[in-house]
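*Asks:* sequence plus the predicted model coming up.
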Amino acid sequence: MKKNKNKNLKTYNPVTASLRHTVLVSKDGLRKNKPLKSLLVKYKSKAGRNSRGVITVRHQGGGVKQRYRIIDTRRDKYGIPAYVKSIEYDPIRTARIALLHYTDGDKRYIIAPVGLSLGDRVESGENAEVRVGNALPIKKIPIGSEIYNIEITSGHGGILVRSAGVFAKLQSIEENNLALLKLPSGEVRYINSDNFATIGRVGNTDHANQKLGKAGRTRYLGIRPSVRGMAMHAKQHPHGGGEGKGQVGGISKDIWGHRRGTKTRKNKLTDKYILIKRTGQRVKK
């Protein structure tokens, strides 16, 4: 294995053609024992199919057998301190997870932020200290802070900003019980300031710098090959058919015949909470 300037990444000697370009995130410092059995459930791959067995999401299927780790996104043990017992790998998500041991004996997994270490104390609640890993109502968090695991509906648990290396920026807190956030997508929107969020940015920031190196590694992840529309028959894709290696011609379309760039946003009721779309376009009020 080669030495890399970034200690979180590891490269390999080119013993094979695929290893020449492989760059993976190092798992040094992660717990090597088996995960906590009481927080594991079966995870069945849907292979991109719905209840009728029809493929609704292409390029999915196969992959390594995995078990799902139950993550505490609600952080509803208010006022009870916990200590970080281990930082672990999670095969289902890009982020790392942290195992918390609460002082009342309970054990839970959370998404681990950057800077959270073994033995650190974390807490949640309105009176929790403003510190990395602690969960507080957004109105209790200082303006300009980096936050993640953000609730949209109070008490339902965080669903925004949970991927590796991402964070949202708290820009302001308005008088009408709304907080203005800038999300990783570039969207600027309002969220109820009573909703909970966790301070910090999601860990495993070097996930985006990985190079899988070979096709087999994508198959381990459950990603099947994609085929160009031009290489298909005319019945299979709007770009298919034709004499020889013909050009697409006309408007570029997807496999269902929809024009590329067609707007797919359906929930217009939340437009009033969006100030700037992820495209950079300001929403007209």
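*Replies:* Looks like it came in fine. No experiment lies behind these values; they were computed from the predicted model shown.
*Asks:* rest of the way, CA atoms for contacts and neighbours
*Replies:* OK.
*Asks:* so residue 89 makes contact with residue 30?
*Replies:* Yes: assessed by Cα atoms under 8 Å, residue 89 is found in contact with residue 30 at 6.8 Å.
*Asks:* which one of the two has more residues nearby?
*Replies:* Taking neighbours as other Cα atoms under 10 Å, residue 89 and residue 30 compare with residue 89 leading, 17 against 14.
*Asks:* quick check, central residue of the chain?
*Replies:* residue 163 (2.4 Å; Cα atoms, centre = their mean).
*Asks:* surely that residue touches residue 96?
*Replies:* No: in this structure, residue 163 is not within contact of residue 96 by Cα under 8 Å, at 9.5 Å.
*Asks:* and the residue of the chain most remote from its centre, how far from residue 233?
*Replies:* The centre of the chain is farthest from one residue, residue 243, which by Cα atoms, centre = their mean lies 42.9 Å away. Distance of residue 243 to residue 233, given as Cα to Cα, to the nearest Å: 11 Å.
*Asks:* likewise residue 15?
*Replies:* In terms of Cα to Cα, residue 15 sits 40 Å off from residue 233.
*Asks:* who has more neighbours, these two?
*Replies:* For residue 15 and residue 233, the more surrounded residue by other Cα under 10 Å is residue 233, and the numbers stand at 13 against 9.
*Asks:* Three-state assignment for the more buried one, please.
*Replies:* Counting by DSSP: H, G, I helix; E, B strand; the rest coil, the backbone at residue 233 sits in coil.
*Asks:* cool, and residue 275?
*Replies:* strand.
*Asks:* give me the neighbour count for residue 263.
*Replies:* Other residues near residue 263 come to 7 when the count uses other Cα under 10 Å.
*Asks:* against residue 279, how distant is it?
*Replies:* 12 Å.
*Asks:* equivalent analysis for residue 145, please.
*Replies:* Taken as Cα to Cα, the span from residue 145 to residue 279 is 23 Å.
*Asks:* swap in residue 69?
*Replies:* From residue 69 over to residue 279 (counting by Cα to Cα), the distance is 34 Å.
*Asks:* neighbour count winner among those two?
*Replies:* Taking neighbours as other Cα under 10 Å, residue 69 and residue 279 compare with residue 69 leading, 23 against 9.
*Asks:* beta partners of residue 100?
*Replies:* Legend: beta-bridge partners of residue 100 under DSSP bridges are residue 84, residue 108.
*Asks:* so who does it touch?
*Replies:* If you count contacts by Cα atoms under 8 Å, 6 or more residues apart in numbering, residue 100 has them with 82, 83, 84, 85, 86, 107, 108, 109, 110.
*Asks:* for it, give me the pLDDT.
*Replies:* On pLDDT, residue 100 comes in at 94.
*Asks:* in the stretch 101-250 of the chain, where is pLDDT below threshold?
*Replies:* Within the stretch 101-250 of the chain, the segments meeting pLDDT under 70 span 246, 248-249.
*Asks:* how about the helices of it, start to end?
*Replies:* Under the criterion DSSP state H, counting those that start in this stretch, helices of the stretch 101-250 of the chain are mapped to 215-220.
*Asks:* could you pull out the strands for it?
*Replies:* Secondary structure of the stretch 101-250 of the chain (DSSP state E, counting those that start in this stretch): strands at 107-111, 121-122, 135-137, 146-148, 150-151, 158-160, 168-173, 178-182, 188-192, 196-199.
*Asks:* need the contact partners of stretch 239-256.
*Replies:* 229, 230, 231, 232, 233, 234, 236, 237, 238, 259, 260.
*Asks:* state the pair within these that is farthest apart.
*Replies:* Largest separation among the contacts of stretch 239-256 by Cα to Cα: 233 and 260, giving 19.5 Å.
*Asks:* mind checking the SS state of residue 263?
*Replies:* Assignment for residue 263 (three-state DSSP): coil.
*Asks:* any idea how far residue 160 is from it?
*Replies:* For residue 263, the distance to residue 160 equals 21 Å [Cα to Cα].
*Asks:* what of residue 238?
*Replies:* 35 Å.
*Asks:* and residue 260, by the same measure?
*Replies:* Using Cα to Cα, we find residue 260 at a distance of 26 Å from residue 160.
*Asks:* the more surrounded of those two?
*Replies:* Set residue 260 next to residue 160 and count neighbours by other Cα under 10 Å: residue 160 wins out with 17 against 10.
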